[in-house]
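Asker: 3D model of this:
(4 chains)
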Amino acid sequence: MTTPTITIRFFARLREELDTESMSHPLPEGQTVAELLSTLSGRGGAWAQLTGDQPVMVAVNQAMAKPGTRLQAGDEVAFFPPVTGG
Amino acid sequence: MTTPTITIRFFARLREELDTESMSHPLPEGQTVAELLSTLSGRGGAWAQLTGDQPVMVAVNQAMAKPGTRLQAGDEVAFFPPVTGG
Amino acid sequence: MISVQTEDFDAGAEYQALRNSGSGTGAIATFTGLVRDSGDLSGVTGLFLEHYPGMTEQVIQGLIDEASRRWDVREARVIHRVGSLALSDQIVFVGVCSAHRGDAFAACQFIMDALKTSAPFWKKEVTAEGGHWVEQKASDVARSEGWQ
Amino acid sequence: MISVQTEDFDAGAEYQALRNSGSGTGAIATFTGLVRDSGDLSGVTGLFLEHYPGMTEQVIQGLIDEASRRWDVREARVIHRVGSLALSDQIVFVGVCSAHRGDAFAACQFIMDALKTSAPFWKKEVTAEGGHWVEQKASDVARSEGWQ
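Answerer: Numbering: from 1, shown residues only, chains lettered A, B, ... in the order given. Sure, this is the predicted structure:
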């Protein structure tokens, strides 16, 4: 039996500071966005900012999501700073 | 001594219904736009509409004016329906 | 730049002229009005537009001046056609460039709304039987008064 | 029509495409954003724009759909550039055609305002020393929330 995973993507300042564009990750215990953020933040260093003061936006399968959004195997989860286009 | 005159112009529906584009006219007694309108309206026929129910706009020397605006010799007075450009 | 003209205009060229207004420009808003086929059965085949030469340009300049007092306006261009127009023809162009988008949108919309109720143009709808002068719309007056 | 592209665009050609949207169109509103020389001494020489491919187009389509529910929108065209941009370059185009001018203005401005706070684009200001990511402006958030 394979461990269920999700894909995590980072954009803009987060992509640069975490030095990570995309990674595969085990589906977190509890399965919410908030729990995933907490797990990643626990890596320390630049990762700690994921639960810090600066706002982190999240999209699940390319639609905006919230801390309580539940994750499923195969989901694409993206973290990024507030958008600044236009 | 020449009689002081003004120039009167009509536009759009008024121009057509009065069959007049432009005319020279003696400076009216009392010298206000309202008195000029009253004089012209007294010609009867289509001219009566100048003091009728339909709104008549007036410009003096190409700036919007009011019934109480005083006229002076040489003024260009224009009467027209509410504007409908754009 | 203000032009009252019988000829058609090139909205793309007007946009380029606004774009060349300087490096402080961050936003360009444009509006173009077309002769619309209103879809009713009145048999309208086109429009005839009359204006008051001289006064028209002064009124439009006054609107641009007022917009420039109320918002950041780096340049404004207004073109209004007169004479005979067919369905789908361009009637009017208003373009504004500004440092900021809120100012560009507001100034462009203000000039267009105010032009409709204060610039001396009159529209006649042309039909096979002759034509009739268009009456001013209460909604246009209300929209223009909303800016005061 | 939605396009996220590195190449420049021709705002005049976009306008023509909107104009050809049918005889019911009476009003075309367009907005173009340019890279502005903000005039400070920070030494910014250009911008780098990153986006989230796929999600970006979906978000913009959602904004066009919402605008079409709220106003008469016959066609909307949105182009947003990504990658490296120089001062004075065009960044974004939003064009809307409608039967009526109020709808064209409102839909164009709504799409532009909402795009700035909900479409996944990020701007980096490029300087000789490298660059820094632009922070979201509270004024943009307030403007976007004003439409709700």
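Asker: Residue C:23 contacts residue D:44, doesn't it?
Answerer: No: Residue C:23 lies out of contact with residue D:44 (CB atoms under 8 Å); the separation is 11.8 Å. C-beta here means a position set from N, CA and C on the backbone, and glycine is covered the same way.
Asker: So which residues on chain C come close to chain A?
Answerer: Residues of chain C lying close to chain A (CB under 8 Å from any CB of the partner chain) are residue C:101.
Asker: Let me see the confidence value for residue A:8.
Answerer: Note for residue A:8: predicted pLDDT of 98.
Asker: ok, what's across the strand from it?
Answerer: residue A:23, residue A:77 (DSSP bridges).
Asker: Over to residue C:133?
Answerer: Bridge pairing for residue C:133 - DSSP bridges - gives residue C:124.
Asker: Okay, it and residue B:9: tell me how far apart.
Answerer: 17 Å (CB to CB, to the nearest Å).
Asker: Pick out the residue in chain A sitting closest to chain D.
Answerer: Using CB to the nearest CB, the closest approach of chain A to chain D is made by residue A:85 at 2.6 Å.
Asker: That residue: neighbour count?
Answerer: By other CB atoms under 10 Å in any protein chain shown, the residues close to residue A:85 number 27.
Asker: cool, and residue C:98?
Answerer: 29.
Asker: Equivalent analysis for residue C:32, please.
Answerer: Residue C:32 has 27 nearby residues by other CB under 10 Å.
Asker: need the contact list for the residue lying closest to residue C:117 once chain neighbours are set aside.
Answerer: The spatially closest residue to residue C:117, leaving aside those adjacent along the chain, is residue C:144, at 4.1 Å (CB to CB, 6 or more residues apart in numbering or on different chains). By CB atoms under 8 Å, 6 or more residues apart in numbering or on different chains, the contact set of residue C:144 is C:113, C:114, C:116, C:117, C:118.
Asker: Spatially, which residue comes closest to the residue in chain A that chain C sits nearest to, not counting chain neighbours?
Answerer: Nearest residue of chain A to chain C: residue A:86, at 7.9 Å (CB to the nearest CB). Using CB to CB, 6+ apart and skipping residues adjacent in sequence, the residue nearest residue A:86 is residue D:116, 3.8 Å away.
Asker: I'd guessed that neighbour sits against residue D:140; true?
Answerer: Yes: Residue D:116 is within contact range of residue D:140, at 4.9 Å (criterion: CB under 8 Å).
Asker: give me the element the closest residue to chain B within chain A is part of.
Answerer: Going by CB to the nearest CB, chain B is nearest to residue A:86 of chain A, at 28.8 Å. Using DSSP states H and E, residue A:86 falls within no helix or strand.
Asker: Now do the same for residue C:107: its pLDDT.
Answerer: The model's pLDDT for residue C:107 equals 98.
Asker: Please give the element, helix or strand, for it.
Answerer: helix C:101-118.
Asker: CA-only coordinates of that helix in CSV, if you can.
Answerer: Taking C-alpha atoms only, helix C:101-118 is exported to CSV below (Å, rounded to 0.1, in the frame of the first residue of the first chain):
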residue,chain,number,x,y,z
ARG,C,101,-6.2,53.6,-12.2
GLY,C,102,-8.9,55.0,-10.0
ASP,C,103,-8.3,58.5,-11.3
ALA,C,104,-8.2,57.3,-14.9
PHE,C,105,-11.5,55.5,-14.6
ALA,C,106,-13.3,58.3,-12.7
ALA,C,107,-12.1,61.1,-14.9
CYS,C,108,-13.0,59.2,-18.1
GLN,C,109,-16.5,58.3,-16.8
PHE,C,110,-17.1,61.8,-15.5
ILE,C,111,-16.2,63.5,-18.8
MET,C,112,-18.4,61.1,-20.7
ASP,C,113,-21.4,61.4,-18.4
ALA,C,114,-21.1,65.2,-18.2
LEU,C,115,-20.7,65.5,-22.0
LYS,C,116,-24.0,63.8,-22.5
THR,C,117,-25.9,66.4,-20.6
SER,C,118,-23.9,69.6,-21.1
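Asker: got the angle between that helix and helix D:101-118?
Answerer: With axes from the mean of the first three to the mean of the last three CA atoms, to 10 degrees applied, the angle from helix C:101-118 to helix D:101-118 works out at 170 degrees.
Asker: coming back round to it: mind pulling up the pLDDT for the residue of chain A closest to chain C?
Answerer: At residue A:86, the pLDDT value in this model is 91.
Asker: I figured it hits residue D:120, correct?
Answerer: No: the pair residue A:86 / residue D:120 is not scored as a contact, 11.7 Å apart, by CB under 8 Å.
Asker: give me the number of residues near residue C:134?
Answerer: There are 18 residues near residue C:134, going by other CB under 10 Å.
Asker: What residues does it make contact with?
Answerer: By CB under 8 Å, 6+ apart, the contact list for residue C:134 reads B:84, C:122, C:123, C:124, C:125.
Asker: do you know how far it is from residue D:100?
Answerer: Distance from residue C:134 to residue D:100, by CB to CB: 15 Å.
Asker: Between residue C:23 and residue D:44, which is the more surrounded one?
Answerer: Comparing residue C:23 with residue D:44 by other CB under 10 Å, the one with more neighbours is residue D:44, at 18 against 13.
Asker: Give me the spatial nearest neighbour of that one, chain neighbours excluded.
Answerer: residue D:125 is the one closest to residue D:44 (CB to CB, 6+ apart), at 4.7 Å.
Asker: all strands of chain C, in order?
Answerer: C:2-5, C:27-34, C:44-51, C:75-81, C:83-86, C:90-98, C:121-127, C:130-133 (DSSP state E).
Asker: In the first one, which residues are buried?
Answerer: Going by neighbour count (16 or more other CB atoms under 10 Å in any protein chain shown), the buried part of strand C:2-5 is C:2, C:4.
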